[in-house]
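1. Dropping a prediction and its sequence here:
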Amino acid sequence: MAYPGIDFPGVGAGLAVINDGKLLLCRRLKAPEAGHWGIVGGKVDHMEPAAGAACREAEEESGLKIHSARFLCHSEQRIEADRQHWISLIYVTDDFSGEPQLTEPDKLSDIGWYSLDNLPQPLSLFAQDAVKALRALAIS
């Protein structure tokens, strides 16, 4: 069996969830970039629109209900330490309901809101690209 990101480039989708100028971040427990803080997101399933995948993954990982999202940027990462290669489409939203909860404790250890001026470290490469795009849009 071949695995996306490991045996061939994987396609991912992430969502930068913004609330009162703060970005929702979670700490990953698994590769790629275990121990890093990242935006919610994951693999795009076959025949699934990337924006839909970003919203689905955000809902699965945070317990939030995502109402809409718009394209923010793309991120291509070849993570040598994990021998993984991912191409991700990153979206942004402030259109959600609910409060974030740690709904996947087997995949994530922490979740919370962070100011773009006071981000936890280490920050995943995907999250770094999202933050760069958010700052360029002056979303804060």
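-> Noted; the coordinates are in hand. Residues are numbered from 1 along each chain as shown.
2. hang on, isn't residue 125 packed against residue 75?
-> Yes - the pair residue 125 / residue 75 is scored as a contact, 6.9 Å apart, by Cβ atoms under 8 Å. No exception for glycine: its C-beta is placed from N, CA and C like everyone else's.
3. of these two, who's got more company?
-> residue 75 (23 against 19; other Cβ atoms under 10 Å).
4. part of a strand, is that one?
-> Yes - counting by DSSP: H, G, I helix; E, B strand; the rest coil, residue 75 is part of a strand.
5. Need the pLDDT of it.
-> If you check residue 75, the pLDDT there is 98.
6. Residue 72 versus the closest residue to it other than its chain neighbours, what's the distance?
-> Leaving aside its chain neighbours, residue 75 sits nearest to residue 129 (3.9 Å; criterion: Cβ to Cβ, 6 or more residues apart in numbering). According to Cβ to Cβ, to the nearest Å, residue 129 and residue 72 sit 9 Å apart.
7. any shared contact partners between these two?
-> residue 90 (Cβ atoms under 8 Å, 6 or more residues apart in numbering).
8. buried stuff in the helix or strand hosting residue 11?
-> Element membership for residue 11 (DSSP states H and E) is strand 10-19. By 16 or more other Cβ atoms under 10 Å, the buried positions in strand 10-19 come out as 10-18.
9. Tell me how far stretch 47-56 lies from the chain's centre.
-> 12 Å (Cα atoms, centre = their mean, to the nearest Å).
10. next one: stretch 120-139
-> Mean-position distance between stretch 120-139 and its chain equals 10 Å (Cα atoms, centre = their mean).
11. Need the contact partners of it.
-> Applying Cβ under 8 Å, 6+ apart, the contact partners of stretch 120-139 are 12, 14, 16, 18, 21, 23, 25, 27-28, 32-33, 35-39, 41, 72-75, 77, 79, 86, 88, 90, 92, 114, 116, 119, 140.
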